[in-house]
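Trainee: the sequence isn't on hand, but the structure is:
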């Protein structure tokens, strides 16, 4: 290592960088795959969901009605325990303190199904009484500080009504790898809508989780669920037939299925999906490829360096060393080098983790490195990399005959072919990474910049803390801000635009018959001036206005695609019944279609209804100011007057929209870093190989100069030997990158078109970088004094 400092530096630095990147990526993957695995009964836990065989494919929904969980448990179909988890609200009071804590409504089975240990209070049946409430350690600290929480009375705003509840237990905070999050847990029966909805299967608003009995299997219970569905008449067969639904393999157009709880983090049910497994497999592949590139460098440099150690090996073999001893020596040297690189990489990881957790959402902890499985994986990587790096060089050195070594009769032809093959593979990978980075970035920019149909840059969205008083809060904000020149309009909505600082999203849709046709639409409730705030010009009719006394909850605005389902003619003034139990609705305006949800989803018909009850979840404020931060502070101060003591979670809508595409943004950053690492590692290896090869050809270059070769001629001769593999790599990488990225783009409803320049630029970039890496050494060798080189050689 001391004798070959350049060789050692390239190997250690290259492997350390590779290990840092790869181990970080693998830790992230390990954490994601560990989600929900900590529950003792995880193999018996499932989420119940609905599956529909629609004309466009299978659609799923995870929401259930109040009767579902009790009925599933009572039927004796192999389900032992059930729990509902329903959102109850976000306001909790203790004395004069009001906090933003999420209230979830759960059944008593929740505590025996899931492994969230009780740290204080009743360990069994903590929600035995309807007046009981269970809180997390985090909530206990925020509410009570150093006071004893058990037995204390708190007030929780559930469905718009304040409920007095007694703390019966404190739960340990949920771990980072849990899909279920909680602050406050109470019983569903105390929800204001429970009495009216406890027997209504059609009012679906919460997921249901079940634990199977020890002897039951998923397949057995799903067969029983077919009878369960028919018994409770949960599928409207005539309606589904009219919409073109098709029977599945069991002959059902709709059915209840079970999703293993261990897969909840990965599989989309309805609109919910956290992380796709394919995304994690891509990360694993990238991490392994980065290590592979570093290994290729190691192999190439070791092969090149091995032929500068031929006399050493010849003497060792002459003194009795066998193939095994030669192999063990080279492998031992490689293992030592790789071990040093891994230790440096792990030290860098410890240094970077805090910064990465602050600047990104990966939330990794150094304790992951101490997990037995992680330690075994790292040891496996260490041994595997050292074997790969030492295997071929030691095999070559072991094959050489002692007499030929000492006479200097060694052929470099085969190692040169193998060396070039490795260079080709390295640059193929680097080119694919660069092409992928460009295409992913372009798709991400397409999402960000595509017109959504409304103004995204000048709207502030604020999650309303007390949603039950949402309409009053919006009205007061409208009045207080009306005199401000920077405020154009204020409205309210049941759905946010993008994903705000509350990280919540929701969707409401329904289908109904109109004049013998099936009509489907998404729904949002809104307040006055909704179109003015979104800066949407109606194609027909008008906005909801305070000036119109006639505007009521029976007035709606529809998008063009919704209007087309109702009639081919003008629909302003047209009335329809969305449900036989609801009053007739009248259309007062038609607007162009716009993207209420992300560009991942196909644009769907939308109906906007004017709310006249008090419930509103979000406030939307359209502003006109060059000083966005000052305007945000003005809105924040005004909101504090209207809803005092509440955390302000306002954000600009363009920030919310960015959150829709966090996975694409993460992929773009990851591939950018991978591309840089791949190019740097490839060029480090190319530099090291060029250095060694040129050093071996000093006599040849000297003879060529004596015979009249020019500096430029020699430089071109040496350089083209290394540029040819890079050009070949570009040719091989282009069709592979096109095929992979074309397949990836098919998952998007709205996607870019792949252009030729997305492959030409990475290819030219790779050739230019390789040329810059090699040419400096080639020119230096060509300009050396031939007399000196011939004398010393």
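Mentor: Noted; the coordinates are in hand. All values derive from a computational prediction rather than experimental measurement. Numbering: from 1, shown residues only.
Trainee: just for the stretch 301-450 of the chain, where's the confidence low?
Mentor: By pLDDT under 70, the weakly predicted segments of the stretch 301-450 of the chain are 304, 306-310, 360-362, 396-416.
Trainee: quickly note the distance from the residue nearest the centre of the chain to residue 752.
Mentor: In the chain, the centroid-proximal residue (CA atoms, centre = their mean) is residue 663; its distance is 4.0 Å. In this view, residue 663 and residue 752 are 16 Å apart by CB to CB, to the nearest Å. Quick note: C-beta positions are derived from backbone N, CA and C, even for glycine.
Trainee: now do residue 171
Mentor: Per CB to CB, residue 171 is found 47 Å from residue 752.
Trainee: same check on residue 191?
Mentor: Taking CB to CB, one finds residue 191 at 46 Å from residue 752.
Trainee: okay, those two: which has more neighbours?
Mentor: Remark: of residue 191 and residue 752, residue 191 carries more neighbours, 26 against 17, as counted by other CB atoms under 10 Å.
Trainee: what helix or strand does residue 747 sit in?
Mentor: Remark: residue 747 resides in no helix or strand, with elements defined by DSSP states H and E.
Trainee: next, count neighbours for residue 97.
Mentor: So residue 97, with other CB under 10 Å, has 13 neighbours.
Trainee: the closest residue to it other than its chain neighbours: what's it in contact with?
Mentor: Distances taken as CB to CB, 6 or more residues apart in numbering place residue 143 nearest to residue 97, at 6.8 Å, with adjacent residues excluded. Residues near residue 143 by CB atoms under 8 Å, 6 or more residues apart in numbering: 92, 94, 97, 99, 101, 135, 149, 154.
Trainee: I'd say residue 500 and residue 656 touch.
Mentor: Yes - using CB atoms under 8 Å, residue 500 is in contact with residue 656, at 5.2 Å.
Trainee: give the residues shared as contacts by those two.
Mentor: Common neighbours of residue 500 and residue 656 (CB under 8 Å, 6+ apart) are residue 461.
Trainee: just the strands in the stretch 351-500 of the chain please.
Mentor: For the stretch 351-500 of the chain, strands defined by DSSP state E, counting those that start in this stretch occupy the ranges 459-463, 487-493.
Trainee: what kind of secondary structure is the residue nearest to residue 112 when sequence neighbours are not counted in?
Mentor: Among residues not flanking residue 112 along the chain, residue 81 sits closest, at 6.5 Å (CB to CB, 6+ apart). Using DSSP: H, G, I helix; E, B strand; the rest coil, the structure places residue 81 in strand.
Trainee: quick check: the gap between residue 81 and residue 377.
Mentor: Counting by CB to CB - residue 81 and residue 377 are separated by 35 Å.
Trainee: who's more crowded, the two?
Mentor: residue 81 (21 against 15).
Trainee: where along the stretch 1-150 of the chain do the helices fall?
Mentor: Per DSSP state H, counting those that start in this stretch, the stretch 1-150 of the chain carries helices over the ranges 5-33, 68-74, 110-113, 137-144.
Trainee: pLDDT on stretch 561-570, on average?
Mentor: The predicted model assigns stretch 561-570 a mean pLDDT of 88.
Trainee: who touches it?
Mentor: Outside stretch 561-570, the residues touching it (CB under 8 Å, 6+ apart) are 514, 517, 519-521, 540, 558, 571, 574, 576, 587, 590, 593, 603-607.
Trainee: now, the residues you listed that are in strands?
Mentor: 514, 517, 519-521, 540, 558, 576, 587, 590, 606-607 (DSSP state E).
Trainee: out of these, which is most surrounded?
Mentor: Counting by other CB under 10 Å, top hit in the ones in strands among the contacts of stretch 561-570: residue 558 with 28 neighbours.
Trainee: please report the distance of that residue from residue 588.
Mentor: Taking CB to CB, one finds residue 558 at 9 Å from residue 588.
Trainee: again with residue 697
Mentor: Distance, residue 697 to residue 588, by CB to CB: 84 Å.
Trainee: which one's more surrounded, those two?
Mentor: residue 588 (23 against 19).
Trainee: shaky segments in the stretch 501-650 of the chain?
Mentor: Using pLDDT under 70, the stretch 501-650 of the chain drops low at 549, 552-553, 581, 612-614, 645.
Trainee: go ahead and confirm residue 365 touches residue 353.
Mentor: Yes - Residue 365 sits in contact with residue 353 when judged by CB under 8 Å, with a separation of 7.4 Å.
Trainee: for the stretch 151-300 of the chain, what spans make up the strands?
Mentor: Going by DSSP E, counting those that start in this stretch, the stretch 151-300 of the chain shows strands at 153-158, 161-171, 184-186, 208-212, 254-260.
Trainee: out of those, which is closest to residue 444?
Mentor: strand 254-260 (29.7 Å; CB to CB).
Trainee: in that closest one, what's buried?
Mentor: 254-259 (16 or more other CB atoms under 10 Å).
Trainee: burial count for residue 462?
Mentor: Count around residue 462 with other CB under 10 Å applied: 26.
Trainee: all numbers from here: first residue = 34
Mentor: New numbering, starting at 34: the last item is residue 495.
Trainee: hang on, it packs against residue 650?
Mentor: No - at 10.1 Å, residue 495 does not count as touching residue 650 under the criterion of CB under 8 Å.
Trainee: ok, residue 608 to residue 420 distance?
Mentor: For residue 608 relative to residue 420 (CB to CB), the value is 76 Å.
Trainee: out of the two, which sits in the more crowded spot?
Mentor: Taking other CB under 10 Å, residue 608 and residue 420 do not tie; residue 420 has more neighbours (15 against 12).
Trainee: contacting residues around the closest residue to the more buried one other than its chain neighbours?
Mentor: Of all residues not flanking residue 420 in the chain, residue 364 sits nearest, at 7.1 Å (CB to CB, 6+ apart). Shown in contact with residue 364 (CB under 8 Å, 6+ apart): 419-420, 423-424, 427.
Trainee: what does residue 631 give?
Mentor: 480, 690, 693-694.
Trainee: export those residues as a markdown table, with columns for neighbour count, secondary structure and distance to residue 656.
Mentor: Shown next, in a markdown table, are these (neighbours: other CB atoms under 10 Å; DSSP: H, G, I helix; E, B strand; the rest coil; distance: CB to CB, whole Å):
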| residue | neighbour count | secondary structure | distance to residue 656 |
| --- | --- | --- | --- |
| 480 | 22 | helix | 24 |
| 690 | 20 | helix | 16 |
| 693 | 21 | helix | 21 |
| 694 | 22 | coil | 24 |
